[in-house]
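Student: take this sequence and fold it.
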Amino acid sequence: MGIYSEMHNLLILYNPRYNSDLIKAHLDILKECGKVAFGKVRVKNNNMPHPFKGELEKIYNDTNPDSFTQLFITDYSNLYVAKVVKISSDDHTAIAPKYYQEQNLLVESWFVITDMREIYRNEFENVRDYFLSRITLPLRDNHTYALYGNNYVYPLIIDQDQNYFEDDTLHHTDIYKTKKYLKTKKTLSRYCFGTNIDKLMSDTIDAVVLAEIEYIQNQENMLNDFSSILVKYSKSVEREFYSLFKALFAYLCYHNPGLLTIRYDVQGIKYQLKDIFTHKPNLGSYGYLMKQSEISSTFENLVPNDIKNGFYYKILNFMHILKDIRNENIHGKNATIKETQKIRNAILGIGQESILITCLELKSKLNALYKESKIDRSKQI
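Tutor: Sure, this is the predicted structure:
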């Protein structure tokens, strides 16, 4: 693969001294925002010009979401590959870890990353023998990478054969995970969620995978206290419910702004509906708000029947079941395997549609309605 092919490959070194958890700092933002900026920091007292500046700038200009660049990031012991959809000298600190600003680092170029894969972790010999020794440098007569005694200026334009992002599967949520975690996630993807697993939030996936691992380890012990497992399964739906109800209330409030001032309490703290977009409430708050007359009537008048039925017969019904089981658990009653299986079946979609998939489908429909409403209103203006 040459530098004029559809996909380009760059190699860059990172310095852990800037941040002891440098990769994790970028991953946290990537998980939260769906993208993160990685900065090529200018090394002090090193003014050596890039010998292939023109070729590098062409790659920067060619990089876009439809023609991404693979950026290999290493400190020689660890190796990651990032899917880069934009490379720019413009300021991108808003989507970058804070250490860039806190240490006044001078960034030459920002690489906007939408996904990342872990290739090696704490394996210097494998990075050296199975990656670096096999890549070639097309602008240096196709020589192989020289680990020692080189005079390279980074980013380095390299050739390598593999496209690590051939499909739409997201990989960054699997970084730092154990083999057992990855195996369990793969099983859930294959038999329960399919490609929808990549649409779930990372917190959701973590909770359901960890719950499933603990459940499998303890399912033969009928007398076991399943409380911690039940809590993990519960957490797997909390973020999805929050995201779903934010989509619902955004749509309702767009058509009826008066709803924004409707009041509700969470553990003695008073809120208005507008606060729900920045403060996640408890599960009981959703049911309470849906019963308020103005919200209820707006919901009935605006929302199509298929979405109404999804909320009434699936979402709110499941919330009621979950709340009852969790309340008993909170008051000292150990969670039984039967109770845990009831929640597990609903979440994984065993013998029924998964409540998580229902959340994704309803949220997608609500977001589409909200978008259509804004388009219609702009046309009227």
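
Student: state which helix of the protein is the longest.
Tutor: Identified as the longest helix of the chain according to DSSP state H is helix 227-255.

Student: so where's the stretch 151-300 of the chain shaky on pLDDT?
Tutor: The stretch 151-300 of the chain contains no residues with pLDDT under 70.

Student: now do the buried residues in the longest helix of the chain.
Tutor: The neighbour-count check on helix 227-255 (16 or more other C-beta atoms under 10 Å) flags 227, 229-249, 251-253 as buried. To be clear about C-beta, it is placed using only N, CA and C from the backbone, and glycine gets the same treatment.

Student: same check on stretch 112-130?
Tutor: Residues Val112, Ile113, Thr114, Asp115, Met116, Arg117, Glu118, Ile119, Tyr120, Val127, Arg128 are the ones in stretch 112-130 that count as buried (16+ other C-beta under 10 Å).

Student: these two touch, right, the fifth one and Leu79?
Tutor: Just to be clear, that refers to Met116. No: counting by C-beta atoms under 8 Å, Met116 stays clear of Leu79, with 11.2 Å between them.

Student: show the average pLDDT along the longest strand anywhere in the chain.
Tutor: Longest strand in the chain by number of residues, with DSSP state E as the criterion: strand 107-120. Across strand 107-120, pLDDT averages out at 95.

Student: now swap in stretch 302-317 and tell me
Tutor: In this model, stretch 302-317 has a mean pLDDT of 96.

Student: that one: which residues count as buried?
Tutor: Buried positions in stretch 302-317, judged by neighbour count with 16+ other C-beta under 10 Å: Leu302, Val303, Ile307, Gly310, Phe311, Lys314, Ile315.

Student: what's near enough to touch the closest residue to the fourth one other than its chain neighbours?
Tutor: In other words, Gly310. Distance criterion C-beta to C-beta, 6 or more residues apart in numbering; nearest residue to Gly310, sequence neighbours excluded, is Leu362 at 4.8 Å. Applying C-beta atoms under 8 Å, 6 or more residues apart in numbering to Leu362 gives the contacts Leu244, Ala247, Leu248, Ile307, Gly310, Phe311, Ile315.

Student: want to try TSV for these, with distance to Val208 as columns?
Tutor: Output for the contacts of Leu362, formatted as TSV (distance: C-beta to C-beta, whole Å):
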residue	distance to Val208
Leu244	16
Ala247	21
Leu248	23
Ile307	24
Gly310	20
Phe311	22
Ile315	17
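
Student: what's the closest of the residues you listed to Lys40?
Tutor: Ala247 (37.3 Å; C-beta to C-beta).

Student: just to check, that closest one is in contact with Tyr370?
Tutor: Yes: if you go by C-beta under 8 Å, Ala247 and Tyr370 touch, sitting 7.1 Å apart.

Student: just send the buried residues of stretch 302-317 back as TSV, with distance to Leu182 and secondary structure too.
Tutor: Shown next, in TSV, are these (distance: C-beta to C-beta, whole Å; DSSP: H, G, I helix; E, B strand; the rest coil):
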residue	distance to Leu182	secondary structure
Leu302	42	helix
Val303	39	coil
Ile307	35	helix
Gly310	32	helix
Phe311	34	helix
Lys314	30	helix
Ile315	30	helix
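
Student: mind putting these into a markdown table with distance to Arg263?
Tutor: Shown next, in a markdown table, are these (distance: C-beta to C-beta, whole Å):
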| residue | distance to Arg263 |
| --- | --- |
| Leu302 | 21 |
| Val303 | 22 |
| Ile307 | 25 |
| Gly310 | 27 |
| Phe311 | 22 |
| Lys314 | 27 |
| Ile315 | 23 |
